[in-house]
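> This is the structure alone, sequence omitted:
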């Protein structure tokens, strides 16, 4: 009888441990996921630009940096216009992203910029 209790307790422990280890990781911030899916391939997950994409687009890597001083001094309206309408080789996202999503992405990458 004791063996059955110990065996049962062991099974319960293994099941509990495996469900804990297999639990899904916490869901990332939806805005972070949106940024990474729409912007990250060119601008990088950190906003500093993707060097490989700068070669593809034949632009300086700095052109893809959206957390630099040049971008940080731009007004939200100017950056939202770029997100909505596109600029140079950046595609327009006005039809793909709702206005709230565009603003959220803007605030997200502003948050990536180094603090002054």
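Nice, thanks for sending it over. Being a predicted model, the structure only gives us computed values, none of them experimental.
> Kindly check the end-to-end length of stretch 29-44 for me.
For stretch 29-44, the first-to-last residue distance is 17 Å (Cα to Cα, to the nearest Å).
> So for that stretch, mean pLDDT?
Along stretch 29-44, the predicted confidence averages to a pLDDT of 95.
> which residues touch it?
45, 49-50, 53, 57, 64-66, 90, 93, 96-97, 101, 104-105, 107-109 (Cβ atoms under 8 Å, 6 or more residues apart in numbering). All C-beta atoms are positioned from the backbone trio N, CA, C, and that covers glycine.
> Show me which residues of it are buried.
Judged by neighbour count (16 or more other Cβ atoms under 10 Å), stretch 29-44 contains these buried residues: 31, 32, 34, 35, 36, 38, 39, 40, 42, 43, 44.
> related to what we said a few turns ago, which PyMOL command selects the buried ones in the contacts of stretch 29-44?
Command for PyMOL, covering only those of these found buried under the criterion 16+ other Cβ under 10 Å:
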select buried, resi 49+50+53+64+65+66+90+93+97+101+104+105+108+109
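> Residue 45 falls within a helix, correct?
No - assessed by DSSP: H, G, I helix; E, B strand; the rest coil, residue 45 does not belong to a helix; its assignment is coil.
> and residue 66, what does it touch?
Under the criterion of Cβ under 8 Å, 6+ apart, the contact list for residue 66 reads 39, 43, 47, 49, 109, 112.
> can we see that at 6 Å?
Taking Cβ atoms under 6 Å, 6 or more residues apart in numbering as the criterion, residue 66 is in contact with 43, 47, 109.
> for residue 91, same thing?
Shown here is residue 91, which makes no contacts under the criterion Cβ under 6 Å, 6+ apart.
> distance of it from residue 57?
Counting by Cβ to Cβ, to the nearest Å, the separation of residue 91 from residue 57 is 11 Å.
> wait, isn't residue 85 in contact with residue 93?
No - under the criterion of Cβ atoms under 6 Å, residue 85 is not in contact with residue 93, lying 8.9 Å apart.
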